[in-house]
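# sharing a model prediction with you, sequence too.
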Amino acid sequence: MNVLTIASRELRSNFTTAVGWLVLCGWLFLTGLFWVLMVQNYVLQGQQVAFDPYGGAQMNLTDWLFVPFFGNCAIVLIMVVPLLSMRVFAEEVKQRTLELLMTSPVTTAEIVLGKFLGQLAFVGVMLAGTLQFPLGLLQWATPDPGALVGGYLALGLVSASLLSLGMLMSSLTSNQIVAALLTFAGSLALVVVSWGSSDPNDWFAQVSLVTHMNDLLRGAVRLSDVTWYVAFTAFFLFATLQRMESFRWR
Amino acid sequence: MIRVEQLTKTYGTTIAIDRLEFTVEKGEIVGFLGPNGAGKSTTMRILTGSLGATDGRAMIGGIDVLEDPRSVKRIVGYLPEVPPLYTEMTVRSFLRFCGRLKGAKDPVEDTERVMKRVGLESVAHRLIDHLSKGYRQRVGLAQALVHSPQVLILDEPTSGLDPAQRVEIRDLIRELAQGEVTVVLSTHVLSEVEAICDRAIIIHRGRIVAQDTMESLARSTSRIRLVVARPDPGLQQELEGLGEVHRVSFDGTRTFQIDAGADIREAVANVAVSRGLLELGSQRGLEDVFLRLTRQDTGTPLEQP
């Protein structure tokens, strides 16, 4: 109950501040741009492949359109999620509103979880806004539903991970810009770390935020991949919880 | 209703509050007095469960604040020095949120009731961001009241308000106390404590230096102004010889000033009448007590509570 109260306020606050709307608009604009350009590219390539007797068999929507599209969406998320998470605690500390939560009969865990779920719900709204792209495609083609479900699941899991990381950063500072930059730098590092390795099983690839998306985007939902994101999120939420508990004892 | 025992809070080597001990009865209005940095806010934050204590105990309504903060928070309303307001929300939606968060029985109904009580009905639909300071303070107060708490803890509830608004808030606090709400408020405006509090606790450098009802606090110090027609050197000595007298000063013409620990006007009059007593007046007040107690740099308690 308390978690829901906090989550719904958190969700609504995104719609009453400029940052929330800007993030939503920026996200829809960027993903829309990607989608249009990639569909155009897909059509162009389709025309070229038409002259290749073996090519037609290789081309499919999942590999040629959805995987790169969702991959790009994940990169956009790395840019916009820090803008959502930066406010979560930094603003509360700065505006002195944290004291309201801390002196209410709620536990710190409920505060952290409520805020996380509220922001995740906003990301849900953002992701729902992109549903129009694949759905619009239905009149011309039949996308693989598995790949779509896997794609959105992957984006959801990546968002949850980014949010939890961002919430920890937001709890460490009362400056929102610093929180956003730390989150952005941290998540970018977690993506780039895999670039040096060619083997997806080696250590560098395994700690990367995006390696575990690869199979999900093709519609293969593996427990190990899902667990990785869930564990990542749980770890950072727990760290945030510890950080917030320390406020009571400073 | 509130019982504090040996309450201590240290930040590293700095001692914020040092073995505080006091009790507040149900329905009482108690004022925390002290210079800035004396430990008023720290004490209040511990009482509301937003801060832990290093040592000691604090009980509200028979529940230990440090052991079961959740139950205590349900019966305590708190207005911090800076009212905690989500400025992007409207007054009504903010108060409903607070009601839900603090476990009000009926958040929607309680919001309307509390807005009526503190006079926020006319701005219910407005964004808190657009409100004046006086209204924001009222929203802060409403936030502390929305769950009908038994104990109200107010950190400088009238700071930054104009005189008319101060009076309004004071009246409201007094009204609440009649409704059996226990109020602890801090302030450094002395007249305010004199106007609304039943009792004052004076804190200086983290220690309680005095706590008593307003009347006996004021009685504990007395400055007497005496004008006689025929002063002589013997008079000053005689005055100094009276009981409870701390200091006697003479301006060289006809006026004496006597600082005493009690109201000794009668004794002074008896001594002065043979020298042609012209005027005898006393200036008593909390201000004197306050200054006398908080000017002590040693921080040792003058009066054991």
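Thanks, I have it.

# need phi/psi at the closest residue to residue B:249 other than its chain neighbours.
Ranked by Cβ to Cβ, 6 or more residues apart in numbering or on different chains and with sequence neighbours excluded, the top spatial neighbour of residue B:249 is residue B:257, at 4.8 Å. No exception for glycine: its C-beta is placed from N, CA and C like everyone else's. Phi and psi for residue B:257, reported as degrees, to the nearest 10, are phi -130, psi 130.

# contacts only, for the residue most central in space within chain A.
What sits nearest the mean C-alpha location of chain A, by Cα atoms, centre = their mean, is residue A:159, with 2.0 Å. Each residue near residue A:159 by Cβ atoms under 8 Å, 6 or more residues apart in numbering or on different chains is listed here: A:77, A:81, A:120, A:123, A:127.

# now these in TSV, with secondary structure?
As requested, the contacts of residue A:159 are exported to TSV (DSSP: H, G, I helix; E, B strand; the rest coil):
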residue	secondary structure
A:77	helix
A:81	helix
A:120	helix
A:123	helix
A:127	helix
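
# out of the residues you listed, which one sits closest to residue B:46?
Nearest to residue B:46 among these: residue A:120, at 34.2 Å, using Cβ to Cβ.

# just give me the neighbour total for that closest one.
19 (other Cβ atoms under 10 Å in any protein chain shown).

# hmm, it is touching residue A:163, no?
Yes: assessed by Cβ atoms under 8 Å, residue A:120 is found in contact with residue A:163 at 6.1 Å.

# buried residues in the longest helix that chain B contains, which are they?
Among the segments of chain B that qualify as a helix by DSSP state H, the longest is helix B:163-178. Across helix B:163-178, burial judged by 16 or more other Cβ atoms under 10 Å in any protein chain shown covers B:165-166, B:168-170, B:172-173, B:176-177.

# quick check, nearest of these to residue B:17?
residue B:173 (23.9 Å).

# so what's the closest one up against?
So, once contact is read as Cβ under 8 Å, 6+ apart, residue B:173 ends up touching B:29, B:152, B:154, B:157, B:183, B:185, B:196.

# list the contacts for the first one?
Contacts for residue B:29 (Cβ under 8 Å, 6+ apart) come out as B:173-174, B:177, B:183, B:185, B:196-199.

# can I get these in a markdown table with pLDDT and distance to residue B:56?
Output for the contacts of residue B:29, formatted as a markdown table (pLDDT from 0 to 100; distance: Cβ to Cβ, whole Å):
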| residue | pLDDT | distance to residue B:56 |
| --- | --- | --- |
| B:173 | 87 | 27 |
| B:174 | 87 | 31 |
| B:177 | 83 | 26 |
| B:183 | 93 | 22 |
| B:185 | 91 | 22 |
| B:196 | 86 | 28 |
| B:197 | 87 | 24 |
| B:198 | 87 | 24 |
| B:199 | 89 | 21 |
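
# where along chain A do the helices fall?
Using DSSP H, helices in chain A cover A:2-16, A:18-49, A:55-58, A:61, A:67-85, A:87-94, A:98-102, A:108-129, A:132-137, A:145-172, A:176-192, A:203-207, A:214-217, A:223-247.

# and those, which one is worst for confidence?
The minimum mean pLDDT among those belongs to helix A:55-58 (a mean of 65).

# after that helix, heading C-terminal, what element do we hit next?
helix A:61 (DSSP states H and E).

# distance of the closest residue to residue B:87 other than its chain neighbours from residue B:41?
With Cβ to Cβ, 6+ apart as the criterion, residue B:87 has its nearest non-adjacent residue at 4.0 Å, and that residue is residue B:129. Counting by Cβ to Cβ, to the nearest Å, the separation of residue B:129 from residue B:41 is 25 Å.

# same question for residue B:118.
22 Å.

# and what of residue B:169?
The value you get for residue B:169 to residue B:41, if Cβ to Cβ is used, is 18 Å.

# residue contacts, the closest residue to residue A:133 other than its chain neighbours?
Nearest residue to residue A:133, sequence neighbours excluded (Cβ to Cβ, 6+ apart): residue A:35, at 4.5 Å. By Cβ under 8 Å, 6+ apart, the residues touching residue A:35 are A:69, A:130, A:133.

# same thing with residue A:20?
By Cβ under 8 Å, 6+ apart, the contact set of residue A:20 is A:13-14, A:84, A:122.

# among those, which two are most distant?
Once Cβ to Cβ is applied, the contacts of residue A:20 give A:13 and A:84 as the farthest pair, at 10.4 Å.

# more crowded one of those two?
Using other Cβ under 10 Å, the more surrounded residue of residue A:13 and residue A:84 is residue A:84, with 30 against 21.

# okay, residue B:129 and residue B:41: which has more neighbours?
Neighbours were tallied for residue B:129 and for residue B:41 using other Cβ under 10 Å; the higher tally belongs to residue B:41 (19 against 13).

# need the pLDDT of the more buried one.
For residue B:41, the model assigns a pLDDT of 88.

# give me the contact list for the helix or strand containing it.
Per DSSP H and E: residue B:41 is located in helix B:40-47. With contact meaning Cβ under 8 Å, 6+ apart, helix B:40-47 is reached by A:99, B:2, B:4, B:7, B:9, B:16-17, B:20, B:32-34, B:51-53, B:58, B:60, B:65, B:76, B:78, B:80-81, B:153, B:155, B:184, B:186, B:203, B:206.

# just to revisit the earlier point, now, among the contacts of residue B:29, which is nearest to residue A:65?
Distances from residue A:65 to these, taken by Cβ to Cβ, are shortest for residue B:185, at 65.5 Å.

# who are the contact partners of that closest one?
B:29-32, B:152-157, B:173, B:196-197.

# any idea how far the closest residue in space to residue B:134 that isn't next to it in sequence lies from chain A?
Distances taken as Cβ to Cβ, 6+ apart put residue B:165 closest to residue B:134, at 4.5 Å, once the chain neighbours are dropped. With distances taken as Cβ to the nearest Cβ, to the nearest Å, residue B:165 is found 21 Å from chain A.
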